[in-house]
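Asker: Let's see this in three dimensions:
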Amino acid sequence: MNVLVTGGAGFIGSWVTQHLLSADPKTLPDAADINVVVIDNLSNSHMDNLKEVMNHPRFLGLYPVDLADRDVLEWIFSEYEFELCYHLAASISVQKSIDDPYRTFLVDITATANLLEECRKHNTRLVFVSTCMVYAPADDGPIDERHPVQCSSPYAASKLAAEKLVESYNHAYGLWTVTLRPFNTYGPKQGFGSEGGVIARFLWQRLSGKPITVFGDGKQMRDFMYVADCARFIVIAGFKPDINGLTINAGSGKAISIDELARLIAPSEDEIRYVKHPHPRSEKRSLVCDYSLARKLLDWTPTVDLEAGLMLTESWLQHSLMCTEDRGGTGIATVGRAQQPGA
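Answerer: Numbers count the residues shown, from 1 in each chain. Here you go, the predicted model:
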């Protein structure tokens, strides 16, 4: 079977791609028959993220194109006749969505609409990866799928709008779909600059000898899930036919404040700096996951705790920083065996 991963060169997408190609047939019966194609315009990702799979016999290649290009998208679907699509391509920055909301809507809504049309025409099952940012804050405990939504940023609004588009195709056309809402995901391959996740940013600051900068008062409560657990959750969802039409959460189920996280990572409390939050009105004070539904329907539970995940992420980051210095900040430019349409 041919499987498409959009955003497959990104942080989570590259882990999904790798998991699809390395899954144990005992846990994923169709694993040995999965061929993978990636579409990624590389706007917030890198080809290096796929270097482990570039020569895999079932990796059919990377198309560095945009989902807004409907002609190219139509050609790719006709060429491969995908049975399943994992849709992770998105504009993920809250701050960028505030600065340029139209661009976020174009990437997260219009591109999803284009993809849905191809999935409809080819009867391709769709796993849509949304975000926990669509939820309203919860002061009384973990969030399950019935919790109210609240869009505090154009990013959250665009993801919720895309969710509704997916839902409409499920109802109107009978297209098999599932929507996933991962909570804060971290780990190797995540960006560690200003657009990266807070764990990657804190670790990068410590390794670079910089102060750990906490936005606001640090009392925000978060649920951090290691990326390998997230990728496994996403992949499993595509092979469970009885979850058609559902929305499912995934997270660790454990809360930690950003202040506590900073104290875990900082060499000393003297190295922590509290700075003005860049978008305080869009900040959620508490986002902690109830993943009971994923455990029940997917037999999924997280396996990597925060302490182990921090060690794995720090090890990768140290290596990444050394490699970046060695190659002068440049990356590897290769697209595997994929050809451009018309080539």
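Asker: Help me confirm that Leu312 comes into contact with Val304.
Answerer: Yes - the pair Leu312 / Val304 is scored as a contact, 7.4 Å apart, by C-beta atoms under 8 Å. The way it works is simple: take the backbone N, C-alpha and C, and place the C-beta from them, glycine included.
Asker: Now do the shared contacts for the two.
Answerer: Tyr226 (C-beta atoms under 8 Å, 6 or more residues apart in numbering).
Asker: quick one, what contacts Glu269?
Answerer: Arg263.
Asker: Also the one 3 residues further on?
Answerer: With contacts taken as C-beta under 8 Å, 6+ apart, Ile272 has the following neighbours: Pro211, Ile212, Val214, Ala262, Arg263, Ala266.
Asker: one more time with 10 Å
Answerer: Ile272 makes contacts with Phe202, Gln205, Pro211, Ile212, Thr213, Val214, Gly218, Asp259, Ala262, Arg263, Ile265, Ala266, as judged by C-beta atoms under 10 Å, 6 or more residues apart in numbering.
Asker: Restricted to helices, list those residues.
Answerer: Secondary structure from DSSP state H places Phe202, Gln205, Asp259, Ala262, Arg263, Ile265 of the contacts of Ile272 in helices.
Asker: Find the helix or strand that Arg232 is a member of.
Answerer: Following DSSP states H and E, one finds Arg232 within helix 227-237.
Asker: what pLDDT, on average, does that helix get?
Answerer: For helix 227-237, mean pLDDT rounds to 97.
Asker: ok now that helix, how far from the chain's centre?
Answerer: 10 Å (C-alpha atoms, centre = their mean, to the nearest Å).
Asker: Please apply the same query to stretch 300-310.
Answerer: 17 Å.
Asker: and if you look at stretch 30-50?
Answerer: Worked out by C-alpha atoms, centre = their mean, stretch 30-50 lies 13 Å from the chain centre.
Asker: what about the strands in the stretch 151-300 of the chain?
Answerer: 177-182, 185-186, 212-215, 221-222, 225-226, 247-250, 256-257, 272-275, 286-287 (DSSP state E, counting those that start in this stretch).
Asker: show me where pLDDT drops low in the stretch 101-250 of the chain?
Answerer: 193-196 (pLDDT under 70).
Asker: let's go with 90 and repeat that
Answerer: Applying pLDDT under 90 to the stretch 101-250 of the chain flags residues 103, 106-107, 137-141, 152, 191-197.
Asker: re earlier: the strands of the stretch 151-300 of the chain into TSV, with extra columns for distance to Ser43?
Answerer: Formatted as TSV, the strands of the stretch 151-300 of the chain follow (distance: least, C-beta to C-beta, whole Å):
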stretch	distance to Ser43
strand 177-182	20
strand 185-186	19
strand 212-215	24
strand 221-222	26
strand 225-226	24
strand 247-250	25
strand 256-257	31
strand 272-275	27
strand 286-287	26
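Asker: which residues touch Ser14?
Answerer: Counting by C-beta under 10 Å, 6+ apart, Ser14 makes contact with 5, 7-8, 38, 40, 45-53, 88, 188-189, 227, 231.
Asker: Please narrow those residues to those residing in strands.
Answerer: Judged by DSSP state E, strands contain the following of these: Val5, Val38.
Asker: Now, the contacts of Ser14 that are in helices?
Answerer: Per DSSP H, the contacts of Ser14 map to helices at Val227, Ala231.
Asker: ok, Asn35 - contacts?
Answerer: Taking C-beta under 10 Å, 6+ apart as the test, what Asn35 contacts is 1-4, 20-21, 56-60, 80, 82-83.
Asker: now Lys109: how far from Lys189?
Answerer: Let me fix one detail, which is that residue 109 is Ile and not Lys. Counting by C-beta to C-beta, to the nearest Å, the gap from Ile109 to Lys189 is 26 Å.
Asker: Same check on Met47?
Answerer: Taken as C-beta to C-beta, the span from Met47 to Lys189 is 12 Å.
Asker: Give the burial count for Asn184, as a bare number.
Answerer: Residues lying near Asn184 (other C-beta atoms under 10 Å) number 21.
Asker: In a strand, His147, correct?
Answerer: No - checked against DSSP: H, G, I helix; E, B strand; the rest coil, His147 lies outside a strand; its state is coil.
Asker: Need phi/psi at the residue nearest to Ala31 when sequence neighbours are not counted.
Answerer: Excluding its sequence neighbours, the residue lying closest to Ala31 (C-beta to C-beta, 6 or more residues apart in numbering) is Ala23, at 4.0 Å. Ala23 adopts backbone torsions of phi -60, psi 150, taken as degrees, to the nearest 10.
Asker: Can you flag the buried ones in the contacts of Asn35?
Answerer: Among the contacts of Asn35, the ones that count as buried by 16 or more other C-beta atoms under 10 Å are Asn2, Val3, Leu4, Leu20, Leu21, His56, Arg58, Phe59, Leu60, Tyr80, Phe82, Glu83.
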